[in-house]
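> Build me a model:
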Amino acid sequence: MTRDLFASRAEDHLARVAPLATRMRPRDLSEVVGLTGLVGEGAAFRRLVEAGRPVSMLLWGPPGTGKTTLARLVASQMDAAFETLSATSAGVKDVREVLARARHRLETDERRTVLFLDEIHRFSKNQQDALLPGVEDGTIVLVGATTENPFFEVNSPLMSRLTLFRTEPIPPDDLERLVDRALGDTERGLGEWGLSIEPEARAVLVSRSGGDARLVLNTLEVAAVLAQGRDVTRIALEDVEEALQRRIVRYDKAGDQHYDVISAFIKSVRGSDVDAALYWLHLMLDGGEDPEFIARRIVILAAEDVGLASPEALLVAVAAAQALAFVGLPEAEYHLTEATIFLATAPKSNSVGAAMAAAKRLLREGPTPVVPAHLRGSGYAGAEVLGHGTEYRYAHDAPGHIVDQRYFPEDVEPRPLYRPGDLGSEAEIAARLAEIDRRLGRDGRRS
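Numbering: from 1, shown residues only. Predicted coordinates for the structure are as follows:
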């Protein structure tokens, strides 16, 4: 009894000194904000939780979108023991100990156990496999949380036994309500401080949170302390700005964002949105992305998406990559930025890629190629006897340096594989090709 009393006092003390985001964690589904797709009336997740018989599940979404809260509510609704492990520090031994305790609970008082495994994507295959027996026989209800794409990071055997639910960034209106709730709550929030917040300050706090409720509440708490330090009762924009100054740009170069952000960068350059391209470029650079990885993508972009519409693009891209190797960061940010601006504002063409695909398709579908005799090498003794190269006509001796002779194999019908675009330098290439096709007796390059 004495031990329970001390434990209760300790929990009360921890609750008082915990960060605002922890103190304001929802105690039931009605307090959850923003996740209407999960906790709204009739939502599958809500029905499972309210039934008191939830299945093992995987919660996938950005930080601060309620994954830990939802796991706790699952346990609370079914009156289960709640155990937590973090994949960054736990191992197979820890998993087996949780399974043993869960089995003991079932055998002694028939009480279920919810195991919340944070950052499940960081568990190795062996560690994930250790969870399988407990999930399969119902010893535990596993609630895994991940910010990464689980189809890449979670083993198929475990994925097949989990129900996937996605948590989305919290909408701005819901975050504003959360701010007001925290300022007015005298039990768990900042209500006893008697503070309010300027509308503009609240709007900036919400807009710069990225839909992260935890970030909003923790930043609000810092801003409230700053306001108190100025001996005022209204949190101003300057307090929020100061609280946000040390905000770390969220970018995980080893996770989903490595792929998603570079994809956004590539598509922004391809779409000629120079401003968006610069945004994604500097998100990667500020987040510590490998600059050589970015430079390689820029060089690829120059050929794949700008191509012959602006042949200078490849020169600029390669020069930026060489400058990076020569001077390194941070100075090479200038060169990567310059290359990005050049590529994003250049005329675009994917004709090189289309020509590659057309040539490969013809090779796959056409006959086995045989080099015509007049195109074969003739720089050796006996070539003339074999007839190799004897009927070849030298292009530079012809008007316009163009000779109407067969260049395709005999069994392959000549056809246009390269179709130039109509922008930039390719417009000039198209005009030259029209004359070449005329002299070679070909119909042209109509799509």
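> residue ranges with poor pLDDT in the protein?
Within the chain, the stretches with pLDDT under 70 are 1-17, 246-257, 373-375, 378-395, 397, 444, 446-447.
> What are the structural domain limits within it?
Annotated domains of the chain cover 35-166, 172-244, 256-345, 362-439 [automatic domain parsing].
> Minimum distance to residue 26: which of the ones you listed has it?
Shortest separation from residue 26 across the domains of the chain is recorded for domain 35-166, at 5.4 Å, computed as Cβ to Cβ. The way it works is simple: take the backbone N, C-alpha and C, and place the C-beta from them, glycine included.
> so how far is the first residue of the closest one from its last?
9 Å (Cα to Cα, to the nearest Å).
> now what about whatever helix or strand residue 364 lives in, what contacts it?
Under the criterion DSSP states H and E, the helix or strand holding residue 364 is helix 351-365. Under the criterion Cβ atoms under 8 Å, 6 or more residues apart in numbering, residues 303-304, 307-309, 369, 412, 415, 417-421, 426 lie in contact with helix 351-365.
> between these, which is closest to residue 281?
Compare each of those with residue 281 using Cβ to Cβ and the shortest gap goes to residue 304, at 17.2 Å.
> okay but that closest one is in contact with residue 350, surely?
Yes - contact between residue 304 and residue 350 holds when scored by Cβ atoms under 8 Å: they sit 6.8 Å apart.
> before we move on, back to that, for the helix holding residue 364, buried residues please.
Of the residues in helix 351-365, those buried by neighbour count under the rule 16 or more other Cβ atoms under 10 Å are 351-352, 355.
> so which of these comes closest to residue 53?
Checking these against residue 53 by Cβ to Cβ gives residue 352 as the nearest, at 57.8 Å.
> what helix or strand does residue 45 sit in?
In this structure, residue 45 sits in helix 44-50 according to DSSP H and E.
> and that helix, what other elements does it pack with?
helix 36-39, helix 67-77, strand 163-166 (3 or more Cβ pairs under 8 Å, 6 or more residues apart in numbering; DSSP states H and E).
> Show me what the first one is in contact with.
Pointing back at helix 36-39 there. Residues from elsewhere that reach helix 36-39 (Cβ under 8 Å, 6+ apart): 29, 32, 43, 45-46, 70, 165-168.
> Can you flag the buried ones in those residues?
In terms of neighbour count (16+ other Cβ under 10 Å), the buried residues within the contacts of helix 36-39 are 29, 32, 43, 45-46, 70, 165, 167.
> Same list (these) but as CSV, adding distance to residue 178.
Formatted as CSV, the buried ones among the contacts of helix 36-39 follow (distance: Cβ to Cβ, whole Å):
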residue, distance to residue 178
29, 15
32, 10
43, 20
45, 20
46, 19
70, 16
165, 21
167, 15
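> before we move on, the earlier item: so which of the domains of the chain comes closest to residue 19?
Closest approach to residue 19 among the domains of the chain is made by domain 172-244 (5.6 Å; Cβ to Cβ).
> Need the distance between the two termini of the closest one.
This stretch, domain 172-244, spans 17 Å end to end (Cα to Cα).
> ok now it, how far from the chain's centre?
Computed by Cα atoms, centre = their mean, to the nearest Å, the separation of domain 172-244 from the middle of its chain amounts to 29 Å.
> Select, out of the domains of the chain, the one closest to residue 20.
Evaluated with Cβ to Cβ, these place domain 172-244 nearest to residue 20, the distance being 4.0 Å.
> Who are the packing partners of the helix or strand containing residue 239?
Taking DSSP H and E as the criterion, residue 239 maps to helix 237-244. Packed against helix 237-244 by the contact rule (3+ Cβ pairs under 8 Å, 6+ apart) you find helix 199-207, helix 213-229.
> name the helices or strands packed onto the longest one?
Going back to what we said before, that points to helix 213-229. With 3+ Cβ pairs under 8 Å, 6+ apart as the test, helix 213-229 has helix 20-23, helix 172-184, helix 199-207, strand 234-235, helix 237-244 packed against it.
> do that again at 6 Å, thanks
For helix 213-229, the elements it packs on are helix 20-23, helix 172-184, helix 237-244, judged by 3 or more Cβ pairs under 6 Å, 6 or more residues apart in numbering; DSSP states H and E.
> buried residues in it?
Of the residues in helix 213-229, those buried by neighbour count under the rule 16+ other Cβ under 10 Å are 213-224, 226-228.
> Can you pick out the most distant pair from these?
The widest separation within the buried residues of helix 213-229, taken as Cβ to Cβ, falls between 213 and 228 and amounts to 22.8 Å.
> looking at the helices and strands packed on helix 44-50, which is buried most?
helix 67-77 (a mean of 22; mean count of other Cβ atoms under 10 Å).
> any idea how far it is from the chain center?
Taking Cα atoms, centre = their mean, the mean C-alpha location of helix 67-77 is offset from the chain mean by 26 Å.
> Quick one: end-to-end distance for stretch 408-416.
In terms of Cα to Cα, the two terminal residues of stretch 408-416 are separated by 11 Å.
> Now do it: distance to the chain's middle.
Taking Cα atoms, centre = their mean, the mean C-alpha location of stretch 408-416 is offset from the chain mean by 45 Å.
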